[in-house]
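Peer 1: just coords:
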């Protein structure tokens, strides 16, 4: 006599559905809304760069409305600066100004009322030498004034 109940295939189907609803759908929403771990303002992230935690006192100095995220890489300052100069126009950003020297570079871009600041600097912390990339996004006026 055959027992009545839910088969193994049905149970697997239910589990897969629950996983998709509980995990995949929220991730799609997060990425679509630009929430979470991505770069501020949808700015491009330098390939191979890893997230870098800035000290809390730096975060406290930010003007209201500015989003900031830092990354580290082993690439040179000039390589990173040149990469951003190539990438930003393709995403609708208009170059505003730059200031650079051998050990750092600062790029400012505008897209409509939005502004972006990209700071790239040789950074020695502890025993490691890295190139620090700081991406900031907010209103263009706030980016320029820092207030």
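Peer 2: All right, it came through fine. These figures come from a predicted structure and were not determined experimentally.
Peer 1: was I right about residue 62 contacting residue 70?
Peer 2: No - judged on CB atoms under 8 Å, residue 62 makes no contact with residue 70 at a distance of 12.0 Å. Any C-beta I mention is one placed from the backbone N, CA and C, and that applies to glycine too.
Peer 1: the more surrounded of the two?
Peer 2: residue 70 (18 against 15; other CB atoms under 10 Å).
Peer 1: Spit out the contact partners of the more buried one.
Peer 2: 51, 52, 53, 54, 132, 133, 134, 135 (CB atoms under 8 Å, 6 or more residues apart in numbering).
Peer 1: Could you do residue 111 as well?
Peer 2: 91, 92, 93, 94.
Peer 1: Can you show me the helices along this structure?
Peer 2: Secondary structure of the chain, counting by DSSP state H: helices at 8-19, 25-33, 56-60, 77-87, 140-145.
Peer 1: returning to what we had before: could you identify the most distant pair in the contacts of residue 70?
Peer 2: Spatial extent of these (CB to CB) is set by the pair 53 and 135 at 14.2 Å.
Peer 1: the more surrounded of those two?
Peer 2: Ranked by neighbour count (other CB under 10 Å), residue 53 and residue 135 place residue 135 first, with 23 against 9.
Peer 1: wait, what's in contact with the more buried one?
Peer 2: Residue 135 sits next to 39, 40, 41, 43, 45, 68, 69, 70, 71, 116, 117, 118 when contact means CB under 8 Å, 6+ apart.
Peer 1: Run a quick neighbour tally on the fourth one.
Peer 2: Here the number of neighbours of residue 43 (other CB under 10 Å) works out to 22.
Peer 1: isn't it right up against residue 137?
Peer 2: Yes - using CB under 8 Å, residue 43 makes contact with residue 137 at a distance of 5.9 Å.
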